[in-house]
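J.: What shape does this take:
(2 chains)
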There are 2 protein chains.
Amino acid sequence: MAEDNTIYVGTKPAMSYVMAVITHFNSTDVKEVSLKARGRAITTAVDTVEIVRRKFMKDLKTDKITIGTEELQREDGTKNVSTIEIALKR
Amino acid sequence: MAEDNTIYVGTKPAMSYVMAVITHFNSTDVKEVSLKARGRAITTAVDTVEIVRRKFMKDLKTDKITIGTEELQREDGTKNVSTIEIALKR
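T.: Residues are numbered from 1 along each chain as shown, chains lettered A, B, ... in the order given. Below you'll find the model as predicted:
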């Protein structure tokens, strides 16, 4: 998947990312969009997918959900943070 | 999967659920354990799986991850909350 079809979910309200997903799918010939999030934003990523699927694109499929761990470098050492990637297909 | 191999992840620290997962797998002939969480606890569920897989059971496989929505009845109406189910296999 091209990197530009990846949406990084952060600390904004889910509705911001809902709009981003819909905008991506409305571009010509985009069939797949991937959501990536880490830490507390994982819940927001799941909320985003559920809102899009229930309210806007009933035919949206959750293609693949992958979880993992990323090491964050910090001043006081490294910290492990969980990640999620949700691949969406229409 | 038998209902007793389901662990409900809530507001405790991830390490509590890590212990629960390990205890389940240490029981005789348990090959599958399922983690369920909703709302903010979704992140804790992902953390739990990642800690178990990286620190305790390197051979743990994430079998299937499912997301969904549950309707919570409240005094002031209903509220939608996202859910996750992570099926683990050793």
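J.: Give the buried residues for the top helix by length along chain A.
T.: What stands out as the longest helix in chain A, according to DSSP state H, is helix A:14-26. Under the neighbour-count criterion of 16 or more other CB atoms under 10 Å in any protein chain shown, helix A:14-26 has A:Ala14, A:Tyr17, A:Val18, A:Ala20, A:Val21, A:His24, A:Phe25 buried. The way it works is simple: take the backbone N, C-alpha and C, and place the C-beta from them, glycine included.
J.: May I see these organised as CSV, with pLDDT and distance to B:Gly68 added?
T.: Shown next, in CSV, are the buried residues of helix A:14-26 (pLDDT from 0 to 100; distance: CB to CB, whole Å):
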residue, pLDDT, distance to B:Gly68
A:Ala14, 97, 15
A:Tyr17, 98, 18
A:Val18, 97, 17
A:Ala20, 95, 22
A:Val21, 95, 17
A:His24, 91, 22
A:Phe25, 91, 21
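J.: ok, the residues you listed vs chain B, which is closest?
T.: Chain B lies nearest to A:Ala14 out of these, by CB to the nearest CB, at 9.0 Å.
J.: Read off the pLDDT value for the residue lying closest to the closest one once chain neighbours are set aside.
T.: Spatial nearest neighbour of A:Ala14, chain neighbours left out: A:Asp47 (4.1 Å); criterion: CB to CB, 6 or more residues apart in numbering or on different chains. On pLDDT, A:Asp47 comes in at 97.
J.: For A:Ser27, see how far away A:Asp47 is.
T.: A:Asp47 sits at a distance of 23 Å from A:Ser27 (criterion: CB to CB, to the nearest Å).
J.: Show me where chain A has its strands.
T.: A:6-9, A:32-38, A:61-74, A:77-89 (DSSP state E).
J.: what does chain A have sitting close to chain B?
T.: A:39-40, A:42-43, A:46-47, A:49-50, A:54, A:62, A:65-69, A:80, A:82, A:84, A:86 (CB under 8 Å from any CB of the partner chain).
J.: Narrow those residues to those that are buried.
T.: Buried among the residues of chain A next to chain B (16+ other CB under 10 Å): A:39, A:42-43, A:46-47, A:49-50, A:62, A:65, A:67-69, A:82, A:84, A:86.
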